[in-house]
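Student: have a look at this fold, sequence not included:
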């Protein structure tokens, strides 16, 4: 278990070195190629694709995180309660929509490129954040809320100092889910010409070059593991802080 | 004044009436021009006004939930019927090459009415039989409208008409992929989950391995299966005879199976763990063998968790099976990616709409089943 603590750091280091000097790892991917095909993807630099992949995911996740949290807060306030049953069933139903289908449907509206990918990731990412914000804000110990009210806190103060800190671990876990799903789904964005690491995988599929498929998949997987790890740590911290509030 | 859900639905449907109902294209890939409901149909303005009136009424008067459910169902069916009629009357003037696709107004109306339905059902909290009945009604009405030929002039339906055989073939393939991988995952995942329940030491490594599988992006996992299985089939002739192959649907099936393993294994484990120790010990005390305890006590008690896994896997795999279309594995994804390549959005719709419908149906049916199982116990 102790070795596990260094693993994320090692993975990050490997990823960084690989992205900076992909050619020094050519020997790893050479066995996967046939007919002397190139072992490393060079049409676009892997580093550049990784950066644009991460920026697309980051923009989408931040946007869906903000909107999801605000919506979650709104429907749990007295004035928004009317929307609570609707909100719950919409998230449940919305999550059964396949992300690929959402992506494909965004194309006729937005055209090809980054825009439909962003929209699909945003819409799909809303649901986990919203669902977890709802769960975090609705499932709180009544005596704590009662105590906060008894101390004379205004509704806004209660939200900021009590309810949100208590809900934070669940909210972060929703964002983590969103981020990891988006990271994988963004690769499909390259089927509609978004500049993501999916480009490498698709190039591999089209030219039957498994080395491309493997390196695209490898980079995305390591990113997913790292983001999962980082946000899990943030969640643990938030849970500890929430324990202090409670 | 407080914003109420009814107002939101009214705004959505109202916008839908104001935006184009159908998109008219001189041919399959040309740019289109939007046509509103009141321009598209002879009786259009009257219908639009009547619907607007009902919407305003629904905002001022708090309708009983039952009535709103009926209104929503009627609205969903009505949007389809109006769309079909508009397309039919427009196609008479425009000739055979013209394409009439559902436009933003139609989708907004459908969205508004389906939200109204979801809200009504969530508020009323109808009994399980009533929910099955509503689901059945929607299905029968949907199929009825499709079968009646009312929508035949809509572009998606014309794509369907020209490739009916291919559509049915890919539909079958899609279902085979989704259910086949589910079956495989149950066959392997149930024993594996039970195994790591009994052998505590294996839990960490098995779950870690399955978790890592989940992080591989679907595109890459599907792609890696092709050479991997081709190599396997070439080196082990016996595997080839068993149907292992690097082309066709097999690689997609295995990729979906691998994604399905984690939910099945982890839910089997968590389901078994919910069984109280006392219950297990009582069964052993009664003289049951290890296998009897498992089959007659543990698995029945873990059932809700197992059905929850079924729901996760089925919905997920119906969606992911679309990717199979990219690696020649068939399924509805074939139409999606063909359509994206040819910029023929009607073809994209022909692939996405049935996929969404299937995923929704699987999700709703399994949710109802989960509730049945949950109610069957104290």
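Tutor: Sure thing, it's come through. Just so you know, these numbers come straight off a predicted model, no measurement behind them. Numbering: from 1, shown residues only, chains lettered A, B, ... in the order given.
Student: please report how far residue B:61 lies from chain A.
Tutor: Going from residue B:61 to chain A by CB to the nearest CB, to the nearest Å gives 15 Å. (Glycine included, C-beta is placed from N, CA and C.)
Student: do residue B:347 as well
Tutor: Taking CB to the nearest CB, one finds residue B:347 at 10 Å from chain A.
Student: can you count the residues close to that residue?
Tutor: Residue B:347: 24 surrounding residues under other CB atoms under 10 Å in any protein chain shown.
Student: pretty sure it contacts residue B:339?
Tutor: Yes. If you go by CB atoms under 8 Å, residue B:347 and residue B:339 touch, sitting 3.2 Å apart.
Student: which non-adjacent residue is nearest the residue in the stretch 51-200 of chain B positioned nearest to chain A?
Tutor: Closest residue of the stretch 51-200 of chain B to chain A, CB to the nearest CB: residue B:122 (3.7 Å). Distance criterion CB to CB, 6 or more residues apart in numbering or on different chains; nearest residue to residue B:122, sequence neighbours excluded, is residue A:85 at 3.7 Å.
Student: does the one you found sit in a helix or strand, and which one?
Tutor: helix A:84-94 (DSSP states H and E).
Student: which strands or helices does the longest helix anywhere in chain B pack on?
Tutor: Counting by DSSP state H, the longest helix found in chain B is helix B:164-198. With contacts taken as 3 or more CB pairs under 8 Å, 6 or more residues apart in numbering or on different chains; DSSP states H and E, helix B:164-198 sits against helix B:203-215, helix B:250-273, helix B:299-320, helix B:333-342, helix B:345-375.
Student: what angle do that helix and helix B:345-375 make?
Tutor: Between helix B:164-198 and helix B:345-375, the angle comes out at 40 degrees (axes from the mean of the first three to the mean of the last three CA atoms, to 10 degrees).
Student: returning to that earlier point: between the helices and strands packed on helix B:164-198, which one is nearest to residue A:138?
Tutor: In terms of CB to CB, the element of the helices and strands packed on helix B:164-198 nearest to residue A:138 is helix B:345-375, at 19.6 Å.
Student: quick one: distance of the closest one to the chain centre.
Tutor: 3 Å (CA atoms, centre = their mean, to the nearest Å).
Student: what do you get for stretch B:32-42?
Tutor: With CA atoms, centre = their mean, you get 30 Å for stretch B:32-42.
Student: on that earlier part again, could you tell me the angle between the longest helix of chain B and helix B:333-342?
Tutor: Going by the same axes, to 10 degrees, helix B:164-198 makes 120 degrees with helix B:333-342.
Student: any buried residues in helix B:164-198, and which?
Tutor: If you call a residue buried by 16 or more other CB atoms under 10 Å in any protein chain shown, then helix B:164-198 has these buried ones: B:167, B:170-171, B:173-174, B:176-178, B:180-182, B:184-186, B:188-190, B:192-194, B:196-197.
Student: likewise for stretch B:334-353?
Tutor: B:334-340, B:344-353.
Student: okay, which residue is most central for chain A?
Tutor: residue A:179 (0.6 Å; CA atoms, centre = their mean).
Student: hmm, it is touching residue A:229, no?
Tutor: No. If you go by CB under 8 Å, residue A:179 and residue A:229 don't touch, sitting 11.4 Å apart.
Student: residues near the residue nearest to residue A:232 when sequence neighbours are not counted, how many?
Tutor: With CB to CB, 6+ apart as the criterion, residue A:232 has its nearest non-adjacent residue at 6.7 Å, and that residue is residue A:176. Counted by other CB under 10 Å, the residues lying close to residue A:176 total 22.
Student: check chain A for its longest helix and report it.
Tutor: helix A:210-245.
Student: my guess is residue A:71 contacts residue A:130. True?
Tutor: Yes. Here residue A:71 reaches residue A:130: they are 5.5 Å apart, a contact under CB under 8 Å.
Student: more neighbours, the two?
Tutor: residue A:130 (27 against 19).
Student: show me the contacts for the residue lying closest to the more buried one once chain neighbours are set aside.
Tutor: Of all residues not flanking residue A:130 in the chain, residue A:68 sits nearest, at 4.0 Å (CB to CB, 6+ apart). When contacts are counted by CB atoms under 8 Å, 6 or more residues apart in numbering or on different chains, residue A:68 is found next to A:125-130, A:133, A:174, A:178.
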